[in-house]
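Asks: Need a 3D model of the following:
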Amino acid sequence: MSDFSLENLLRRDPRAEWIARNRLHPLHNEMLQAGSGEVRGPSGLLRKNPHIIGFIGPNGIKRIDRANASSAGLGGKKRSGETKEVQLPLHTVEHPDFYIMVVADMVGGRLTGHDKDILGLAHQLVAKRNGAVTLVCFGENKEAQCDLAGVDRLIHLEGNEYEGFAPEARLIALQQIEAQYQPDYWLFPDSVHGGTDLACRLSARLGERLATQAWQVSAEQTVCRGASGSQDISRDTPRILTLLEECGDAIDETRHEVLPISVDSIEQKSPSVVDKGLIAVDSNAVPLAEAEFILSAGNGIHNWDQFHSTAAALGATEGASRVAVDDGFMPRVRQVGASGTWVTARVYLAVGISGAIQHMQGIGQCDKVIAINTDAGCDMVKRADLAVIADSEEILGELTRLAQEYSSSKNQEEKSDAA
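Replies: Predicted coordinates:
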């Protein structure tokens, strides 16, 4: 007689195995935890999933989740049973002996990647001494993660006099900070957003020579780019520097206090330069390579009149994938990608673009990528910081409506203020 029985028969669940392989499935993490990341193959042997958190590879190294890839869904909310976020250690400076002032660009009221690199460099200059890295920002501050960016102290100067292009008011404030705190270093972004201009003004007012386009900085020596970036110039490190991107490593292993500190009363003078606001321009007159907000269309767009009206309502520069250009819906100058134009927009909104490799290369330097697509598994959705899985016509219609409502309410406020 054979010992075979139904109880000894190995049963497979194809649906459970498919969920365990599909990292975009809502039940993916729960299925991995239930099965410990093991799937039984057709031969009956157990297969381990190398993507599960905590998997130990053949080299004996345990896999960790640095990118927080286990976050649930596109909204970033955690699912039940998911690994809790690790709390970073708190770095404190109780009574600092000196200060390093970082005057950030704060484009849109938030720290840019350039700003975070400079904050990381400031901590390298502290070099285990009892110093405090201080962020100096003007106007509106929307940044909610200053603690994770390495800010020990915060000087937030608010007021209408600092809004827009106001170099004279900001310079007077920096002079007061200089007199009150006497920082060891002044660090500025070497950028077109105002950091370079303000650093030059402060250097001239204090009578100190500054270092521009610095990219390697220590307490003793600074290396700067020269001759259009083709040469390096070494010099002793001054107190005032304008720094290039990737001059330092952004803080990612500690939290910081972000304690606000005050500045004595600042006596402002009547400025000789008055900011009258931005001049309205045609967004499509801005070259793609210089555009900060791009609405890009792909093969998923079928209502092109709606796409153009949405771009006009949002004030976005129009872009397109190669497929949309080859099909004749958009001109060749609007093509984004390695075979078109490489873009560096602050916001790149991709509608109906699946994400070919050439297109993904062209948007590699964009700050924030938003995808609208019906395919949750496409490469553009995986690359996006925010993705909406829905029909593009419905989303674009709602965006147009909201933009028009905002524009009309803003016009009414301006009329009431003028009255």
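Asks: quick one: contacts for residue 140?
Replies: 109, 158 (C-beta atoms under 8 Å, 6 or more residues apart in numbering). Bear in mind the C-beta positions are built from the backbone N, C-alpha and C, glycine included.
Asks: which stretches of the stretch 301-419 of the chain form helices?
Replies: Secondary structure of the stretch 301-419 of the chain, counting by DSSP state H, counting those that start in this stretch: helices at 304-314, 322-326, 357-362, 379-383, 392-418.
Asks: Could you dump the ones you listed into TSV with distance to residue 128, mean pLDDT and mean neighbour count added?
Replies: TSV is the format used below for those (distance: least, C-beta to C-beta, whole Å; pLDDT from 0 to 100; neighbours: other C-beta atoms under 10 Å):
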stretch	distance to residue 128	mean pLDDT	mean neighbour count
helix 304-314	48	94	18
helix 322-326	51	94	20
helix 357-362	40	93	18
helix 379-383	38	92	20
helix 392-418	49	85	13
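Asks: To residue 190, which of the ones you listed lies closest?
Replies: With respect to residue 190, and counting by C-beta to C-beta, the nearest of those is helix 357-362 at 24.7 Å.
Asks: residues making contact with that closest one?
Replies: 321-322, 336-343, 353, 379-380, 383.
Asks: Extract the C-alpha set from that helix and format it as PDB.
Replies: What follows is helix 357-362, C-alpha atoms only, in PDB (Å, rounded to 0.1, in the frame of the first residue of the first chain):
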ATOM      1  CA  ILE A 357      14.100  55.200 -20.800                       C
ATOM      2  CA  GLN A 358      15.000  58.200 -23.000                       C
ATOM      3  CA  HIS A 359      12.200  60.300 -21.500                       C
ATOM      4  CA  MET A 360      13.200  59.300 -17.900                       C
ATOM      5  CA  GLN A 361      16.800  60.400 -18.700                       C
ATOM      6  CA  GLY A 362      15.600  63.800 -19.800                       C
END
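Asks: What is the neighbour count of residue 238?
Replies: 15 (other C-beta atoms under 10 Å).
Asks: from what I can see it touches residue 211, true?
Replies: Yes - the pair residue 238 and residue 211 passes the contact test of C-beta atoms under 8 Å, sitting 5.3 Å apart.
Asks: okay, and the common contacts of those two?
Replies: Common neighbours of residue 238 and residue 211, using C-beta under 8 Å, 6+ apart, are residue 222.
Asks: quick one on the thing from earlier: would a markdown table of the helices of the stretch 301-419 of the chain with distance to residue 147 be doable?
Replies: A markdown table is the format used below for the helices of the stretch 301-419 of the chain (distance: least, C-beta to C-beta, whole Å):
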| stretch | distance to residue 147 |
| --- | --- |
| helix 304-314 | 32 |
| helix 322-326 | 42 |
| helix 357-362 | 32 |
| helix 379-383 | 27 |
| helix 392-418 | 31 |
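Asks: nearest to residue 272, of those?
Replies: Among the helices of the stretch 301-419 of the chain, the nearest to residue 272 by C-beta to C-beta is helix 392-418 (24.7 Å).
Asks: What distance do you get for the spatially closest residue to residue 318 that is not a sequence neighbour to residue 212?
Replies: Spatial nearest neighbour of residue 318, chain neighbours left out: residue 311 (5.0 Å); criterion: C-beta to C-beta, 6 or more residues apart in numbering. Distance of residue 311 to residue 212, given as C-beta to C-beta, to the nearest Å: 37 Å.
Asks: quick one on the thing from earlier: I'd like to know which of the helices of the stretch 301-419 of the chain is closest to residue 143.
Replies: Of all the helices of the stretch 301-419 of the chain, helix 392-418 sits nearest to residue 143, with 22.6 Å by C-beta to C-beta.
Asks: elements contacting the closest one?
Replies: helix 304-314, strand 347-351, strand 368-373 (3 or more C-beta pairs under 8 Å, 6 or more residues apart in numbering; DSSP states H and E).
Asks: picking that back up, now the two most distant members of the contacts of helix 357-362.
Replies: Greatest spacing in the contacts of helix 357-362, by C-beta to C-beta: 341 and 379 (19.3 Å).
Asks: Quick one, grab the pLDDT at residue 108.
Replies: Predicted confidence (pLDDT) for residue 108: 83.
Asks: Just give me the neighbour total for it.
Replies: Other residues within reach of residue 108, judged by other C-beta under 10 Å, total 14.
Asks: Please apply the same query to residue 365.
Replies: When neighbours are counted by other C-beta under 10 Å, residue 365 registers 12.
Asks: Run a quick check on it versus residue 344, I expect a contact.
Replies: Yes - if you go by C-beta under 8 Å, residue 365 and residue 344 touch, sitting 4.4 Å apart.
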